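Undergrad: Here is my input; please provide its structure:
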Amino acid sequence: MRHSRAGRRKDKTDWERVRAMTEDEVERGSAHDSENPAWTQEELAAARLIRPAVERKIPVSIRLDREVLEYFKRQGPGYQSRIGAVLLAFVRAQQRDTVG
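TA: Residues are numbered from 1 along each chain as shown. Now for the predicted structure:
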């Protein structure tokens, strides 16, 4: 399914204010964000970049727990891609564990 810019909701972010923020202001604001805590050194060390797949996606119908689907949908547009990225990361981690 493709989305056009015309079909998107109006962005309510004050981008002028965001662009004008200093690095210190960003750091202070994020320090109190309970939904996005700072990463630990261990998390940073374990992080891996996952690039979007170059090959075409395969359409599939899947049944997911309501809680899982609602969680990803709350994150906004692109939830299906995020679900795919999480599944791909899991598969690659499993493959690393079985090979190593």
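Undergrad: Next, count neighbours for F72.
TA: Around F72 sit 16 other residues, with neighbours defined as other Cβ atoms under 10 Å. (Glycine included, C-beta is placed from N, CA and C.)
Undergrad: so the residue sitting nearest the centre point of the chain is in which element?
TA: By Cα atoms, centre = their mean, the chain has its centre lying nearest to R82, at 5.6 Å. Using DSSP states H and E, the element containing R82 is helix 79-99.
Undergrad: Okay, buried residues for that helix please.
TA: I83 (16 or more other Cβ atoms under 10 Å).
Undergrad: can I assume the residue nearest to the centre of the chain is in contact with F72?
TA: Yes: using Cβ atoms under 8 Å, R82 is in contact with F72, at 5.5 Å.
Undergrad: Report the contact partners of S61.
TA: Neighbour list for S61: empty [criterion: Cβ atoms under 8 Å, 6 or more residues apart in numbering].
Undergrad: secondary structure class for it?
TA: Secondary structure, DSSP: H, G, I helix; E, B strand; the rest coil: S61 is coil.
Undergrad: That one and V91, how far apart?
TA: Separation of S61 from V91 (Cβ to Cβ, to the nearest Å) stands at 19 Å.
Undergrad: Repeat that for T13.
TA: 34 Å.
Undergrad: where's G29, which helix or strand?
TA: Going by DSSP H and E, G29 is part of helix 23-31.
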